[in-house]
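J.: mind looking at a prediction? Sequence and model below.
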Amino acid sequence: MSENLLQHIVSPTDLRKLEIPQLPQVAKELRDFIIDVVSKKEGHLGASLGVVELTIALHYVFNTPEDLLVWDVGHQAYGHKILTERKEKFHTNRQLGGISGFPKRSESIYDTFGVGHSSTSISAALGMAIASQLKGENKHHIAVIGDASIASGMAFEGLNHAGVTDANLLVILNDNAIGIDPSVGALKNYLTSVKEGKNPKQNNMIKSLNFDYSGPIDGHDLLKLISELERLKKVKGPKFLHVITTKGKGLQLAEEDQVKYHAPGKFDAKTGEIHPKSEENLPMKFQDVFGLTLVELAEKNPKIIGITPAMPSGSSLKFMMEKFPQRAFDVGIAEQHAVTLAAGMATQGMVVFCNIYSTFLQRAYDQVIHDVALQNLPVIFCLDRAGLVGEDGATHHGVFDLAFLRCIPNMIIYAPKDEIDLRNILYTASLGLKHPIAIRYPRGRGKIEDGRWKMEESKFLNIEIGKAHLLKKGTKVAVLSTGFIGNNVSLALDKMKNLNVIAHYDFGFVKPLDTVLLGEICKTFSTIITIEDGAIKGGFGSAIIEFASENNFKNTIQTLGIPDAFMEHGTVDELQKICKIDVESLVEIFEKQL
């Protein structure tokens, strides 16, 4: 049996000491290492397996970290992390206090740019290349971007600028025809025709942008990759290498079901079989409540449209895409386009449900203001993954939506406390609203534990816009919660001995606030505690303080939520504890009031 080469590689310097014929063995060992750790610890699998050879070739040919390598999104960077001084720590990936699941500048000098959202790599690497020119440095700058990410507007903006510079930039297109879900759109069709040799060289759109284009080449052939990268090192100006890879390469089941094995959970490292999780009697996932309810509503209303930017599986819009393919749209990684597309449809009387993860709506902020709210178009934004999302960390927590949406005129903001509330607000919005609405709900499962609960059996109720509700009476302290985090409040109150002291109110609507009830609360209770699964600065608690100030109430108001810091990665329970919004922390905070 040959000696294990990977165990002697701490950094790319060690990798470069090897002979080229030894590198295929390193590739096999690196794949096995990733599979072994991710099978036990979970994480993003398929993307990293697909770029093992490319990762090795890049660090072998280029003098990283002096040469600057930028990964787009970062799902595919596990091999990069292992080869860049983090092999011994890799088992801590995505765990509290461990290494991040994405490239992160504060973690390593080899992580030249922090990523987690898509399509930023070309702009960032071009910025580095222009800066190097201005400083008189002779460096290489490489952006690795996937075929799903390059379809985003920002990637085109970067290409458009790079093509009129003489910057030392190499853009590598990692083309595997899939992001998290299969890639879509005319650009995907164009790339497919290039791969299949059906598109003539003179019709090359990348060349027309003044890039030196080469490829497509086999991204799993190390000799070809190294040879082409060595050639491109000598080519001046912007360069573009088209590389064909297979997501999940080296694990048969991951190659066969690339969607499922993007982030498969725990699985058998040898066979790839995913360890089954019993879903019996578990609450439904919020995303499925959304997806199935939307189908139910669309069956009765032909004007209902569903839109998602590249997350049909993650958002469960896939149910509507299967049932009503003409009325459900995956527009690719293009949040700005998704929002304005929805606005355009709304002008024509369509009832548009635009489903975007909370963290990704940040990418379309101007469109929400300028194209939707300013024109008061009743687009229904369904913000999945709102609040703390766990192991994906700071790039993916949906904690800013309450703050950045609350300041926009005409916006309605609602956070359901459970699955039934989500169904009812979707129904209410489908009947027609006078303003746009953002409905925010968390990642994961709801709270109705009886797995026999059938959504079809629950009748829809029309929710009164702007109405808050008393959940529990109390005499001295009022706790005001919004959304699903209110269930932590209920559990905490159930654990307390003196139940009569604390009242609990559910403010599903953060905007408009129920000012009538809020006025009564401020008159009745000297102490008010607010709790939200979002940033405290500018969020729900801030709205309550503003109301009290404007109306000259002198209540003591304590705000609980996400502090003024970027929360790292860890389980949702661990992160809630850090923020003091978990059940046990709330019990302590409430008991102090007694």
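T.: Great, that's in hand.
J.: distance of the residue nearest to the spatial centre of the chain relative to residue 167?
T.: The chain has residue 396 as the residue nearest its centroid, 4.6 Å off, counting by CA atoms, centre = their mean. Separation of residue 396 from residue 167 (CB to CB, to the nearest Å) stands at 31 Å. The way it works is simple: take the backbone N, C-alpha and C, and place the C-beta from them, glycine included.
J.: and residue 498, by the same measure?
T.: Distance of residue 498 to residue 167, computed by CB to CB: 67 Å.
J.: quick one, which of the two is more surrounded?
T.: A direct count of neighbours by other CB atoms under 10 Å for residue 498 and residue 167 places residue 167 higher, at 21 against 13.
J.: tell me the contacts of the more buried one?
T.: Residue 167 is in contact with 126, 129-130, 133, 141, 237-238, counting by CB atoms under 8 Å, 6 or more residues apart in numbering.
J.: which of those residues are buried?
T.: Among the contacts of residue 167, those scoring as buried are 126, 129-130, 133, 141, 238 (criterion: 16 or more other CB atoms under 10 Å).
J.: count the residues that sit near residue 275.
T.: Neighbours of residue 275 under the rule other CB under 10 Å: 10.
J.: that one and residue 264 touch, don't they?
T.: No: the pair residue 275 and residue 264 fails to qualify as a contact (CB atoms under 8 Å) at a distance of 9.3 Å.
J.: residues contacting residue 252?
T.: By CB under 8 Å, 6+ apart, the residues touching residue 252 are residue 272.
J.: could you rerun that using 10 Å?
T.: 271-272 (CB atoms under 10 Å, 6 or more residues apart in numbering).
J.: which of the buried ones among the contacts of residue 167 sit farthest apart?
T.: Maximum pairwise distance among the buried ones among the contacts of residue 167 (CB to CB): 12.3 Å, between 133 and 238.
J.: hey, what's in contact with both of those two?
T.: Jointly contacting residue 133 and residue 238 under the rule CB under 10 Å, 6+ apart are 141, 165-168.
J.: which of these fall within strands?
T.: Using DSSP state E, the members of these that fall in strands are residue 141.
J.: closest one of the shared contacts of residue 133 and residue 238 to residue 373?
T.: residue 165 (36.6 Å).
J.: number of nearby residues for the closest one?
T.: Residue 165, neighbours per other CB under 10 Å, totals 15.
J.: pLDDT score for it?
T.: Residue 165 is assigned 96 on the pLDDT scale.
J.: could we number from 34 for the rest of this?
T.: Sure, I'll start counting at 34 from here, so that last one is residue 198.
J.: mind listing what it touches?
T.: Residues near residue 198 by CB under 10 Å, 6+ apart: 159, 162-163, 166, 243, 270-271.
J.: make TSV from those and add distance to residue 261, secondary structure and pLDDT to it.
T.: Compiled in TSV, those are given as follows (distance: CB to CB, whole Å; DSSP: H, G, I helix; E, B strand; the rest coil; pLDDT from 0 to 100):
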residue	distance to residue 261	secondary structure	pLDDT
159	21	helix	97
162	20	helix	97
163	25	helix	97
166	24	helix	96
243	20	coil	90
270	16	coil	95
271	16	coil	96
